[in-house]
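Enquirer: no letters, just coordinates:
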């Protein structure tokens, strides 16, 4: 999916919501445990209940890998079940030397080889340009590079600073020469409200993937005040806040209610910003 | 496996060789393609031919993920086939916020959940302490943190510098407070010969995992001159140089010949350094 199509989806659905599909078996409602693949069944029902309210789904690969082979199978089935017009993000935080990153690109972008073809993958920037290049060779696919993350220990290295600025600023500055804003997004935690204005100076046209609204405590209003741009430029993710909204047989309805609340907030914000 | 046991293995085998198990189907000898799982069959024969010459095996997960479900299955079988007294490294370069890194720890350290229990996993440091902590809770398991990598674009961010030093130095300095040298290793590329003395000042007691000897052009002598410590402190990896030494039916013998050359060089080095 390219940038124009993504913005069209945002306008059509009046939403820039991304739903994080990160289920653990312990939190899956009991009535699903009799299914052959309870994790997939959970995701399937979440997708059915929220697909008109969000523009993206983001499975975090860790939650699938932790279950070994059957987890990887749930990931494949989940990817295949997401409607074609919804943006898909493999939240995999990969990154390796060039020939190895090419293998990761096969894993997440090349359906013929791996059975999956996401629109985007999250990548860790530590190894530099080599580790990102192989992903950028795919047309209408995206790299979402970690910039300023939502976790407490983001400060350990991302704020390492010299006269030119902080490391996360250097990551945005340097990497934005590797590809256009049609190929590169950045991960910026919703808990970093105050930094959004600064990030928009460095990456005016790029989409930002924003986790941390909900369970992690970030504010949608703060994010939007400085984060919106002319094509919206934000994909705001909620995982636990939506998928675990209910614990019983009505979990999908409860998930829908939480997704709807966010979509309605987003609609007001898009309307006010003249983006609809 | 703990540090003492690892050093005992190094002394017993007179080797600190790690063999990288990174096969791609295109490079697997033709006579193996009739096997149900040619990748596993390839690895199995490489392991049989080299297991007395090396102390560690390191499958890079990208090479398995690129083949989807059947690739993950080959990885599981490969892990299970490695003899118990050989150190196993999941070269996965993972790293995420705390609750997600705990899932990655399940994936690679918790056999009950995922079917695999490696001795060590490579981790990218960008997200800081949160992303490493969950792995350190496992007894006798190791985190191998990326420090100074072998690829050309390591310079993009790892050499980002302020008055306290370069980013990779900060990574070693800060992370060495998170765990002891019985739990933490660092990845330092063999192509960074000149930096080994400096790294040993920052991490005198830690093992270093050293890729880049062979196909990537690093020198074993340069690495050892400054890299050895009182418990050897080095695991030197070769992947393509060993596993693709031959292309025909004798590929495993050819692999053994290359592994033997490296083992013999290592034996001389260990002998000279008084480590045997």
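Expert: Done, it's in. Everything numeric in this text was worked out from a predicted model, so none of it was measured. Numbering: from 1, shown residues only, chains lettered A, B, ... in the order given.

Enquirer: so which residues of the stretch 51-200 of chain A form strands?
Expert: A:56-59, A:87-94, A:120-123, A:142-148, A:161-162, A:165-166, A:184-188 (DSSP state E, counting those that start in this stretch).

Enquirer: please tabulate these in JSON lines, including the columns mean neighbour count, distance to chain B and mean pLDDT.
Expert: The way it works is simple: take the backbone N, C-alpha and C, and place the C-beta from them, glycine included. Shown next, in JSON lines, are the strands of the stretch 51-200 of chain A (neighbours: other Cβ atoms under 10 Å in any protein chain shown; distance: least, Cβ to the nearest Cβ, whole Å; pLDDT from 0 to 100):
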{"stretch": "strand A:56-59", "mean neighbour count": "26", "distance to chain B": "12", "mean pLDDT": "98"}
{"stretch": "strand A:87-94", "mean neighbour count": "25", "distance to chain B": "6", "mean pLDDT": "98"}
{"stretch": "strand A:120-123", "mean neighbour count": "27", "distance to chain B": "9", "mean pLDDT": "98"}
{"stretch": "strand A:142-148", "mean neighbour count": "27", "distance to chain B": "6", "mean pLDDT": "98"}
{"stretch": "strand A:161-162", "mean neighbour count": "14", "distance to chain B": "4", "mean pLDDT": "96"}
{"stretch": "strand A:165-166", "mean neighbour count": "16", "distance to chain B": "10", "mean pLDDT": "96"}
{"stretch": "strand A:184-188", "mean neighbour count": "26", "distance to chain B": "10", "mean pLDDT": "98"}
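
Enquirer: a markdown table for the ones you listed, including distance to residue A:242?
Expert: Formatted as a markdown table, the strands of the stretch 51-200 of chain A follow (distance: least, Cβ to Cβ, whole Å):
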| stretch | distance to residue A:242 |
| --- | --- |
| strand A:56-59 | 11 |
| strand A:87-94 | 15 |
| strand A:120-123 | 19 |
| strand A:142-148 | 20 |
| strand A:161-162 | 36 |
| strand A:165-166 | 32 |
| strand A:184-188 | 19 |
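
Enquirer: and the longest helix that chain A contains, what does it pack against?
Expert: As assigned by DSSP state H, the longest helix anywhere in chain A is helix A:251-272. Identification of packing neighbours for helix A:251-272 by 3 or more Cβ pairs under 8 Å, 6 or more residues apart in numbering or on different chains; DSSP states H and E yields helix A:3-13, strand A:17-21, helix A:38-50, helix A:220-227, strand A:234-238, helix A:240-243.

Enquirer: which residues touch residue A:129?
Expert: Residues near residue A:129 by Cβ atoms under 8 Å, 6 or more residues apart in numbering or on different chains: A:174, A:175, A:178, B:153, B:156.

Enquirer: ignore the last one, residue A:209
Expert: Residue A:209 touches A:18, A:58, A:89, A:122, A:144, A:185, A:186, A:187, A:188, A:235, A:237, counting by Cβ under 8 Å, 6+ apart.

Enquirer: give the bridge partners for the second one, please.
Expert: Residues in a beta bridge with residue A:58, per DSSP bridges, are residue A:20.

Enquirer: out of the strands of the stretch 51-200 of chain A, flag the one nearest residue B:94.
Expert: Ranking these by proximity to residue B:94 (Cβ to Cβ) places strand A:87-94 first, at 6.8 Å.

Enquirer: give me the contacts around the closest one.
Expert: A:1, A:6, A:9, A:18, A:20, A:55-61, A:79, A:82, A:101, A:104, A:108, A:116, A:118-124, A:144, A:146, A:209, A:235, B:62, B:93-96, B:124.

Enquirer: at 6 Å what do you get?
Expert: If you take Cβ atoms under 6 Å, 6 or more residues apart in numbering or on different chains as the criterion, strand A:87-94 is touched by A:1, A:6, A:55-58, A:60-61, A:82, A:104, A:108, A:118-124, B:96.

Enquirer: how much space between the residue found closest to residue A:217 once you drop the neighbours it is linked to in the chain and residue A:152?
Expert: Nearest non-adjacent residue to residue A:217, counting by Cβ to Cβ, 6 or more residues apart in numbering or on different chains: residue A:191, 6.0 Å away. Relative to residue A:152, residue A:191 is positioned 9 Å away (criterion: Cβ to Cβ, to the nearest Å).

Enquirer: show me what from the stretch 151-276 of chain A comes close to chain B.
Expert: For the stretch 151-276 of chain A, the contact set with chain B under Cβ under 6 Å from any Cβ of the partner chain comprises A:151, A:153, A:156, A:157, A:160, A:162, A:167, A:170, A:174.

Enquirer: out of the residues you listed, which sit inside helices?
Expert: Among those, the members found in helices (DSSP H) are A:167, A:170, A:174.

Enquirer: closest to residue A:139 out of those?
Expert: Ranked by distance to residue A:139 (Cβ to Cβ), those are led by residue A:174 at 23.4 Å.

Enquirer: ok, that closest one - how many residues close by?
Expert: 16 (other Cβ atoms under 10 Å in any protein chain shown).

Enquirer: who's in contact with it?
Expert: Contacts of residue A:174 (Cβ under 6 Å, 6+ apart): residue B:156.

Enquirer: roughly how far apart are it and residue B:41?
Expert: Distance from residue A:174 to residue B:41, by Cβ to Cβ: 43 Å.
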